[in-house]
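Peer 1: Sequence and predicted model, in that order:
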Amino acid sequence: MPINGTVTATAITEKLNGTIAVLPAGSTKGPAANGTINDGLYHFSSDNGPTVGTHHVIIDIEPPRGKMDNSAAAKVQWKFEFDIDVPESPPFLFDFELIRDTE
């Protein structure tokens with residue numbers, strides 16, 4: 001399905017870049033959809049997007065360059081996971097707000 005949306009984070013003011021993987025979950029069949037996040041936006045076409053049904057989404061964000069040293073970056077959560085249901089008909093918009101785990 002041709003899904004798209006935004007990826008934002010309350011703690012990061014820069015536009016986010018990284019990867020997004022949409023994996024079939026439960027009884028949903030079909031290949032995984034893998035893509036990139038550029039300037040906080042992602043897009044899958046009907047050719048490379050996920051199938052209709054339940055999916056597990058994994059978002060990996062690249063640390064902003066030059067904003068923190070390696071020791072500070074190691075303490076920040078950069079991987080986020082969500083569950084979504086892709087419908088049979090529009091809208092195909094999924095926005096993700098990344099909230100850092102504060103364990």
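Peer 2: Everything's here; your move.
Peer 1: What residues sit buried inside stretch 42-58?
Peer 2: Tyr42, Phe44, Gly49, Pro50, Gly53, His55, His56, Val57 (16 or more other Cβ atoms under 10 Å). Glycine gets a C-beta too; all of them are placed from N, C-alpha and C.
Peer 1: Just give the strands next to the helix or strand harbouring the last one in its sheet, each with its orientation.
Peer 2: Remark: Val57 resides in strand 53-61, with elements defined by DSSP states H and E. Take DSSP bridges as the rule and strand 53-61 pairs in its sheet with strand 18-24 (antiparallel), strand 79-86 (antiparallel).
Peer 1: After the shortest one, which helix or strand is next? Please name it.
Peer 2: If I follow you right, that is strand 18-24. Per DSSP H and E, the first helix or strand lying C-terminal to strand 18-24 is strand 33-37.
Peer 1: So, low pLDDT: which residues of this structure?
Peer 2: For the chain, applying pLDDT under 70 flags the ranges 11, 64-77, 100-103.
Peer 1: how does it look with 50?
Peer 2: Applying pLDDT under 50 to the chain flags residues 103.
Peer 1: before we move on, the earlier item: so for Phe96, which of the strands paired with strand 53-61 sits nearest?
Peer 2: Phe96 sits nearest to strand 79-86 of all these, at 6.1 Å, using Cβ to Cβ.
Peer 1: so how far is the closest one off the chain centroid?
Peer 2: 7 Å (Cα atoms, centre = their mean, to the nearest Å).
Peer 1: just checking, Gly49 touches Ile3?
Peer 2: Yes - if you go by Cβ atoms under 8 Å, Gly49 and Ile3 touch, sitting 5.4 Å apart.
Peer 1: Overlap of the contact sets of the two?
Peer 2: In terms of Cβ atoms under 8 Å, 6 or more residues apart in numbering, Gly49 and Ile3 are both contacted by the residues Val22, Phe92.
Peer 1: I appreciate the help and will end here.
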